[in-house]
Every structure is written in C-alpha cells, then in structure tokens.
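*Asks:* sequence-free structure coming up:
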C-alpha cells in the first residue's frame, strides 16, 4: 500500500512539474510575441505570419486581460496542444476551425479554459460574468 501511495505521489509531482514547465514555456512564447508586436506594430502581422504560417489575427480585450494570437490550420486538433511557435503545449493556441471563412460575419474562436491557472488562455473571460 505504501509503495502504491509513493508511486502515485511521484507521478503527481512529475505531472505537476511537466505542467509548470509547459506553462512557463507558453508564457515565454507569448511574452516574446507580445513584445514584438508592441515594438513593431506596423510590421507585426507580416512577421507573425513568418513565425507561424497559420497566424490569422490578434485577439485583444480592451483591458488587456486577453491578448493572444489566433491561428487557423488544416487540423483543428493540432492547436489544442501546440503553442504559437508549434512547440507542444498543454494550453494550446486560440484558433478558428479549419473550415471557417474569414468573410463570415460571426467567427468562433476555439481555445482552452485552464481552470487551475487564472492567467492562462481564456480564464480571464470569467471576469465578464
């Protein structure tokens, strides 16, 4: 029983470490992208497209609680677990469905609500309730 408990605890610690490392990486990627767009606003769209061919637009709320790039790829599942720089990420990247048309009047942006990190992805949208 003790061995099973230790094994479960060890797994939980490793999982927490992996999650924390993933969040730190995602925050680093987003910080770099945000910093670049602020410094080079006029060239940002073209440069973001160079960084990620699937880049479509930037999603930003007036209070800056959400400020993220939005992508549209061929595989909707891909950006559920990949960061903007295409590295693996548990937080993913906000995206339009692969078959969404940019001329549509209403567009749905998909992404994660990460309940255990209030600053992650769309979690700040809870403040709108």
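*Replies:* Thanks, I have the structure now. Keep in mind it's a predicted model, so treat the numbers as computed, not measured. Numbering: from 1, shown residues only.
*Asks:* drop to CA atoms for contacts and neighbour counts, all remaining ones
*Replies:* OK.
*Asks:* low-confidence stretches in this protein?
*Replies:* Scanning the chain for pLDDT under 70 picks out 1-23, 33-42, 113-129.
*Asks:* phi and psi next, for the nearest residue to residue 58 once chain neighbours are set aside.
*Replies:* Distances taken as C-alpha to C-alpha, 6 or more residues apart in numbering put residue 69 closest to residue 58, at 4.5 Å, once the chain neighbours are dropped. Backbone torsions of residue 69, given as degrees, to the nearest 10, read phi -80, psi 150.
*Asks:* from residue 51, how far out is residue 69?
*Replies:* Separation of residue 69 from residue 51 (C-alpha to C-alpha, to the nearest Å): 11 Å.
*Asks:* same question, residue 70
*Replies:* Distance, residue 70 to residue 51, by C-alpha to C-alpha: 13 Å.
*Asks:* quick one, which of those two is more surrounded?
*Replies:* The neighbour comparison of residue 70 against residue 51 (other C-alpha atoms under 10 Å) goes to residue 70, with 20 against 14.
*Asks:* quick one: that one is in a strand?
*Replies:* Yes: counting by DSSP: H, G, I helix; E, B strand; the rest coil, residue 70 is found in a strand.
*Asks:* next SSE downstream of the helix or strand hosting residue 29?
*Replies:* Here residue 29 sits within helix 2-39, counting by DSSP states H and E. Elements were assigned by DSSP H and E; along the chain past helix 2-39, the next helix or strand is helix 44-51.
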